[in-house]
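Participant: coords please:
(one chain, ligands or ions: 3)
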Amino acid sequence: MYNSIETHARITTIEGHILDQQHYYPEATGVLTNLLYDIALAGKVIASNTIRAGLAEILGRTGDTNVQGEQVMKLDRLADMTMRRMNDHTGRLAVMASEENPEPMPIPKDYPIGKYVMLFDPLDGSSNVDFNIPIGTIFAIYRRITPEESGPGTLADCLQPGRKLVTSGYILYGSSTMLVYATNKGVHGFTLDPSVGEFLLSHPNIQIPERATYMSANMGYERYWSRGVQEYTSYLQGSHNGPKHLSLRYIGSLVADFHRNLLSGGVFYYPADHKDPNKPHGKLRLTYEAAPLAFIAEQAGGYASNGVKNILDIQPDELHQRTPLYIGNRDLVEKAEEFIRRYDS
Ligand code: AHG
Ligand code: MN
Ligand code: MN
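Facilitator: Numbers count the residues shown, from 1 in each chain. Ligands and ions are numbered 1, 2, ... in the order given. I've put the predicted structure just below:
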């Protein structure tokens, strides 16, 4: 069993890493550090529940459906509650919003109100929970834009374009538990060392490899995609003078599919499809799935689009609005936009 002291020349924890970066954010006054630390702590609690989910009677469904009309898994509920309770009293946030709650959750008046806003998908990939397939938590942090003297934050604070993100990241509960976060100074990955209970820097300055390895999409829905997306898919498989080397990997957990493509190069796409008339913009949500991951992708040298424009430039109208998502290597995402322009406009 390796000893984390021997294998890491320099042990860097999350807070140590942010403090190192602190000089980039003089105005952050350590609040950002504390906020990321709180999220990391929530991640450790959620991780400890996912690794023994089968034993602790927290698998399966709650029997409820959420605002998305989707089955709420017990772990969805537990992750949502953990993220909220770790962050609602710390004085760092003015308001929170989650996939699992129809409305934003303003910080109650009897708690100190901070200057940041956090949106999150507490458990991404829930349909995989019962099958021991990696799942994740996604978070997005903005500065509040409503005046501090107006009290708790509001929906307006939550509806900001991804371009305004201060930081975003995800926690991936996989064969190991990783936390990856981005600021405008780069993308960094930390691996949880269970023996010391800390996330230690394992992937500094992540940049998406120039050459893609994977394409990731739910090919089962191909017949519901537009002509442009179908032609794009055959491009990725070598037609239209496309790449001849891509492997298909798609496990139905956005965080896991995104993370694999971030480290190995690749493109993930969840197009608009006409399989479900009340989901004409596909399944993924803009504010707590597409935008935070788009910020990470762009900081890692990649790109994310809704098929027409940069995800980060989309002004959200609603908290749970959906968007098509094409994310990963810039050249492959721009190719998707090209095929959609050529065949669908
Ligand atoms: P969530 O569990 O938060 O609802 O997200 C699930 C998403 C995403 O993780 C994944 O990429 C996608 O659902 C898979 O959808 P399909 O099963 O329709 O491919
Ligand atoms: Mn999700
Ligand atoms: Mn979710």
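Participant: who are the neighbours in contact with the residue minimising distance to the centre of the chain?
Facilitator: The centroid of the chain falls nearest to I138 when counting by CA atoms, centre = their mean (3.6 Å). With contact set as CB atoms under 8 Å, 6 or more residues apart in numbering, I138 has these partners: 120-121, 124, 168-170, 254-255, 288-289, 292-293. (Each C-beta comes from the backbone N, C-alpha and C, glycine too.)
Participant: which ones among these come in contact with ligand 3?
Facilitator: 121, 124 (CB under 5 Å from the ion).
Participant: For the residue nearest to the centre of the chain, which non-adjacent residue is spatially closest?
Facilitator: Residue nearest to I138 in three dimensions, not counting chain neighbours: D121, with 4.3 Å by CB to CB, 6 or more residues apart in numbering.
Participant: and that neighbour, what pLDDT?
Facilitator: D121 carries a pLDDT score of 98 in this model.
Participant: continuing past whatever helix or strand it lives in, what's the next helix or strand?
Facilitator: Secondary structure assignment for D121, by DSSP states H and E: strand 116-124. Using DSSP H and E, the helix or strand that follows strand 116-124 in sequence is strand 135-143.
Participant: Can you give the strand pairings for that following strand, parallel or anti for each?
Facilitator: strand 116-124 (antiparallel), strand 167-173 (antiparallel) (DSSP bridges).
Participant: Output the last one as CSV, nothing but the C-alphas.
Facilitator: If I follow you right, that is strand 167-173. Output of strand 167-173 as CSV, limited to C-alpha atoms (Å, rounded to 0.1, in the frame of the first residue of the first chain):
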residue,chain,number,x,y,z
THR,A,167,-15.1,29.1,-10.7
SER,A,168,-16.8,25.8,-11.6
GLY,A,169,-16.0,22.2,-11.1
TYR,A,170,-17.2,18.7,-10.5
ILE,A,171,-16.6,15.8,-8.1
LEU,A,172,-16.4,12.4,-9.7
TYR,A,173,-17.3,9.3,-7.6
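Participant: ok, and what's touching the helix or strand just after it?
Facilitator: Beyond strand 167-173 in the direction of the C-terminus, DSSP H and E gives the next helix or strand as strand 177-183. By CB under 8 Å, 6+ apart, the surrounding residues in contact with strand 177-183 are 14, 21, 24-25, 36, 39-40, 43-44, 47, 166-172, 187-192, 199, 202-203, 206, 259, 262, 295-296, 299-300.
Participant: How about stretch 256-265?
Facilitator: Against stretch 256-265 from outside (CB under 8 Å, 6+ apart): 125, 133-136, 170, 172, 174, 178, 180, 187, 203, 206, 208-214, 216, 249-251, 266-268, 293, 296-297, 300, 302, 327-329.
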